[in-house]
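>>> task: produce atomic coordinates for the following.
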Amino acid sequence: MADKSTIGGAATLKKQLGLVSATSYMIGNIIGTGIFISPSVILEGMGSSLGLSLLVWTMCGALTYCAAMCYADYGTRLKKSGGTYTYIREAYGDFVGFMFLWTDFLIGRPLSTALSCLAAAQYIMRPVFLFCPDMAPITSKVMLGYVTLGAFMMANMYSVKLGARLQTLTTICKVTALLTIIVAGMVHIGQGHTANFSEPFKTNHLTPSGIVLAFYAGLFAFTGWSIVNTAVEEICNPYRNIPLAIFGGLAVPTVGYLLANVAYHAVLTNDEILSGIAVAYVFGERMLGFFKWVVLACVAVSAGGIANVNIFIFSRTYFVGGRDRLFPRFLSMINVHRRTPQPAILVMFILATIYMCLADIKTVLGAYSFFKSGGECLAVAGIFSIRRRHPAKNSTYQVHWLFPVIYVVFFLVLSVTAIAFDPRMYLPTLCVTVSGIPLYVLSKSRLRQMGYLSCVNKWITLLCHRLLLCEHASPDVV
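Below you'll find the predicted structure:
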């Protein structure tokens, strides 16, 4: 019997991700280091009001659910991987799809991956520099970040299942840290410590710009909910597992975020949370005693898990872009034995390594969060166009039309308000996006088939074939 992972002699991705792996990737991608480090942005934006802060967390979870259900519709309607990029390209054509892919390629996940590896290194080194954390050498953090990045890169190149198992492990660590904080906070409340909950809706200095910033921080905390759709071609029984993975993978972080914030406020005052100190560490010092080291270790593993997720997601996005011939075609090559997109993973590794050398990339990453949410909004807005081109089948999960309308309208109002208050913040993202226009023209012209570009592409393809044992993926989808 022919191997289903090959079509006409060409390699394809293999279906080997079940419900548990898909859900673990989603939970692990959503729950980052933010909930453990500093939820102060939302509290400050909502005028130090606990009640309004929890309302923002709830609304952001509900808005994310609206968009995620649209992606569940996409995942059971289309069989292509690629996530947001694929849906934008299907709805608006190659040009818009390339603009999104180019911006994401250059300033997106490579930045996020670099930051997550550096954050993991910082928490790993914390016990060594216990009483003087600011004295930890920067070069040591960077080198430890390289080791973390290299380990996850090798795991994802070796096997999809190994990367999935590592992600399950990091997800368990994240949930363990959250549960530890939640249980300790609930016990503290049960002992009668409720003074911090008096006047929960009392505010001071509540401004429109602060409210917008609070919602952006909340939406950024839920970033990663679209991961399942980037690997549709590798998910077993997608018509069942994709909706279940999206629902379960979103429910756990939403409930966990709300309960963790309640636990923080039960133990810490508003001033302590707004100070910007690593809240989870201060919470552990106050409540957990020796177990604070367990939370610290879990946060370190959690940060590293974000790098693992990013490598998985965007290697698949680059792979699909290469297969669609919008990006260099060598990115669509797959190892014939491992069935992993090794050239795309290596490109992701190289870009993250370069960005890890930069001193300050958080400001660019902040602008990227706006871009990423905008891309997802654009993809959700195209649902009616995609439905016309790809009619539903009996197994398609169909979302109600009100869900995409709610998400798009809310995001547009939020974006207009944000740009009106601080247009300079989003200028770098716009410049990077516009710089992709000549590259798109080049990708569609005959110039790419001649001269140095063609020579470079042939040499890279030959190296991938000889050294990595890779072949071009089939353009057909199983």
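>>> what number of residues lie near Val56?
21 (other C-beta atoms under 10 Å). Placement of C-beta: from N, CA and C, glycine included.
>>> just the element for it, please.
Using DSSP states H and E, the element containing Val56 is helix 50-77.
>>> next, the buried residues of that helix.
By neighbour count on 16 or more other C-beta atoms under 10 Å, the buried set for helix 50-77 is 50, 52-57, 60-61, 63-77.
>>> check stretch 79-88 too.
Those would be 80-88, for stretch 79-88 by 16+ other C-beta under 10 Å.
>>> what about Lys202, how many residues close to it?
Lys202 - counted by other C-beta under 10 Å - has 12 other residues nearby.
>>> show me where the stretch 201-350 of the chain has strands.
Counting by DSSP state E, counting those that start in this stretch, the segments of the stretch 201-350 of the chain that form strands are 333-335.
>>> which stretches of it have low pLDDT?
For the stretch 201-350 of the chain, applying pLDDT under 70 flags the ranges 275-278.
>>> tell me the contacts of the nearest residue to Thr417 once chain neighbours are set aside?
Distances taken as C-beta to C-beta, 6 or more residues apart in numbering place Val212 nearest to Thr417, at 5.0 Å, with adjacent residues excluded. For Val212, the contact set (C-beta atoms under 8 Å, 6 or more residues apart in numbering) comprises 45, 414, 417-418, 421.
>>> which among these end up buried?
Applying 16+ other C-beta under 10 Å to the contacts of Val212 flags 45, 414, 418 as buried.
>>> go through those and name the one nearest Ile354.
The closest of those to Ile354 turns out to be Ala418 (C-beta to C-beta; 29.0 Å).
>>> nearest spatial neighbour of the closest one, skipping sequence neighbours?
Nearest one to Ala418, counting by C-beta to C-beta, 6+ apart, is Val212 at 4.9 Å.
>>> and the helices in the stretch 251-400 of the chain?
Taking DSSP state H, counting those that start in this stretch to define them, one finds helices in the stretch 251-400 of the chain at 270-274, 279-287, 292-323, 342-356, 362-381, 383-389.
>>> what does the last one contact?
The one in question is helix 383-389. 70, 73-74, 77-78, 87, 90-92, 399, 401, 404.
>>> so for the helix or strand immediately after that helix in the chain, what gets flagged as buried?
With elements assigned by DSSP H and E, the helix or strand that comes after helix 383-389 is helix 402-421. Across helix 402-421, burial judged by 16+ other C-beta under 10 Å covers 403-404, 406-408, 410-411, 414-415, 418.
>>> what's the angle from helix 402-421 to helix 50-77?
130 degrees (axes from the mean of the first three to the mean of the last three C-alpha atoms, to 10 degrees).
>>> what's helix 402-421 packed up against?
helix 50-77, helix 208-221, helix 362-381 (3 or more C-beta pairs under 8 Å, 6 or more residues apart in numbering; DSSP states H and E).
>>> buried set for the helix or strand where Ala177 lies?
In this assignment (DSSP H and E), Ala177 forms part of helix 160-190. Within helix 160-190, the residues that qualify as buried are 160, 163-164, 166-168, 170-178, 180-182, 184-185, 188-189, counting by 16+ other C-beta under 10 Å.
>>> and the pLDDT at the closest residue to Tyr257 other than its chain neighbours?
Excluding its sequence neighbours, the residue lying closest to Tyr257 (C-beta to C-beta, 6+ apart) is Trp57, at 5.4 Å. Note for Trp57: predicted pLDDT of 91.
>>> wait, isn't Trp57 in contact with Gly218?
Yes - Trp57 lies in contact with Gly218 (C-beta atoms under 8 Å); the separation is 5.9 Å.
>>> tell me how far His337 lies from Tyr158.
Look at His337 and Tyr158: by C-beta to C-beta, to the nearest Å, they are 10 Å apart.
>>> next one: Arg77
Using C-beta to C-beta, Arg77 is found at 32 Å from Tyr158.
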